[in-house]
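Enquirer: kindly return the folded structure for what I paste below:
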Amino acid sequence: MSNSKPMINEIYNKLGELTVQDLLYSIGEKKKLVSVNEDSTIEYTLNLLKNENLLSLPVYRMSDGEKCLVAMVSIFDILAHSVFAKVFHLKEEEQINVNVDNWVERYLLIVKEERSFFETPVKVVTNSMLTTRESQSNKISDWSIRAEEPLTTLLRMFTTSRFHRALVLPQEKENTFENLKILTQTDFVNFLFKNRLTLLGEEFLKKMEFNENFFKYGLNFTVVPETMKAFDGFKTLYSKGSTGLAVVDAFDKFVGDLSGEDLRYMVKENLDDLLLTIKEFNLKLLCQKKFQVLKKKDLCRNKLHRIWVVDDAHYKPISCISLTTLLTAFVPEHFELLAIKV
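Expert: A predicted model of the protein is given here:
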């Protein structure tokens, strides 16, 4: 293997000559911006995230008949809010104390708190002091980038901060809510793939490969047993600041994952599912949920948000590769994640 730094520097310089607007032009017109009113409920917001297959939304306030952007809300913000919601703790106590004498009163209290959680305005979530790995701030300035800024600024935003998506602010003369755009890490990776010959070059594509450092970069993940309650799994997600957990069976074999994205399927009618084991919880989501397990050599052939790398012999999870990891490999300071075959 030889040093990949010169080649990575060359690619990084090419990206620096392009702007965020170039990326927008390249991917074409994206569908209309999906947003939510700050007075909308958590229930409505969860349904919107699920139906639109999104992880975050701009939040707006109506002012003089026009939409004004006030914040961003992600599924991880709702996770941070939900793990402390009284209703979930009441549900836990209900399962433990099945034969409580005052079951009628407890049932009515649970129904009340359940309604209260789902009817909470989303602005309560965005204004909450609870924080997540991604949304330690809901300030628009932290999420946003100007269309005229270099593409390398967006690359660093996606790799050195907590953000997996960015709000692209329009030119001053086009400064209306409808002209806002959102770019994601997936958009960036697709852009690199679409322009791979121009930006990366034939030599890079033929000779560059991931080395052990790349897989070690994804070692910071959490493993939980499939017998853990789903609710405890979501609490672990919050406390660890993770976006996903590797789920294993009694033999430490990888059997699935649990992520904040799964909260999008939460409604009043299935709230009790959070008291199921993760194994049972995932079985109920099987038709809606997708995860991918790959051997190391298959990594580059898939377009996924998260890839669990498993041991060939025992199927134990050994690394978690995210789009953040993949994009980080194109930042000069992390050239050691790649190597050139000689």
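Enquirer: only C-alpha atoms from now on, for both contacts and neighbour counts.
Expert: OK.
Enquirer: helix or strand with the lowest mean pLDDT in this protein?
Expert: strand 293-294 (a mean of 48; mean pLDDT, DSSP states H and E).
Enquirer: read off the pLDDT value for residue 30.
Expert: Predicted confidence (pLDDT) for residue 30: 60.
Enquirer: typo on my end, residue 308
Expert: pLDDT, residue 308: 87.
Enquirer: swap in residue 46?
Expert: 90.
Enquirer: from residue 5, how far off is it?
Expert: Relative to residue 5, residue 46 is positioned 43 Å away (Cα to Cα, to the nearest Å).
Enquirer: more neighbours: which of the two?
Expert: Set residue 46 next to residue 5 and count neighbours by other Cα atoms under 10 Å: residue 46 wins out with 25 against 20.
Enquirer: how about that one, secondary structure?
Expert: Three-state assignment for residue 46 (DSSP: H, G, I helix; E, B strand; the rest coil): helix.
Enquirer: going forward can the numbers begin at 263, since that is how I track them
Expert: Noted, 263 is the first residue going forward, which turns the last one into residue 308.
Enquirer: pull the contacting residues for it.
Expert: Counting by Cα atoms under 8 Å, 6 or more residues apart in numbering, residue 308 touches 337, 525, 526, 527, 528.
Enquirer: now, those residues that are in strands?
Expert: Within the contacts of residue 308, no residue falls in strands by DSSP state E.
Enquirer: what about residue 507? Give its phi and psi, please.
Expert: phi -120, psi 140 (degrees, to the nearest 10).
Enquirer: right, and it touches residue 485 too?
Expert: Yes. Applying Cα atoms under 8 Å, one finds residue 507 in contact with residue 485, separated by 5.9 Å.
Enquirer: can you pull out the strands in the stretch 313-462 of the chain?
Expert: With DSSP state E, counting those that start in this stretch, the ranges of strands along the stretch 313-462 of the chain come out as 318-325, 328-336, 406-408, 427-431, 443-446.
Enquirer: got JSON lines for those, with mean neighbour count, mean pLDDT and distance to residue 414 too?
Expert: Formatted as JSON lines, those follow (neighbours: other Cα atoms under 10 Å; pLDDT from 0 to 100; distance: least, Cα to Cα, whole Å):
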{"stretch": "strand 318-325", "mean neighbour count": "18", "mean pLDDT": "89", "distance to residue 414": "23"}
{"stretch": "strand 328-336", "mean neighbour count": "19", "mean pLDDT": "86", "distance to residue 414": "23"}
{"stretch": "strand 406-408", "mean neighbour count": "19", "mean pLDDT": "89", "distance to residue 414": "12"}
{"stretch": "strand 427-431", "mean neighbour count": "21", "mean pLDDT": "86", "distance to residue 414": "13"}
{"stretch": "strand 443-446", "mean neighbour count": "19", "mean pLDDT": "88", "distance to residue 414": "14"}
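Enquirer: quick one: closest of the ones you listed to residue 373.
Expert: strand 328-336 (25.8 Å; Cα to Cα).
Enquirer: residue 472 is in contact with residue 592, isn't it?
Expert: No. Applying Cα under 8 Å, one finds residue 472 not in contact with residue 592, separated by 11.8 Å.
Enquirer: who has more neighbours out of these two?
Expert: residue 592 (25 against 19).
Enquirer: wasn't that one part of a strand?
Expert: No. Using three-state DSSP, the assignment for residue 592 is coil, not a strand.
Enquirer: quickly note the distance from it to residue 531.
Expert: As judged by Cα to Cα, residue 592 and residue 531 stand 45 Å apart.
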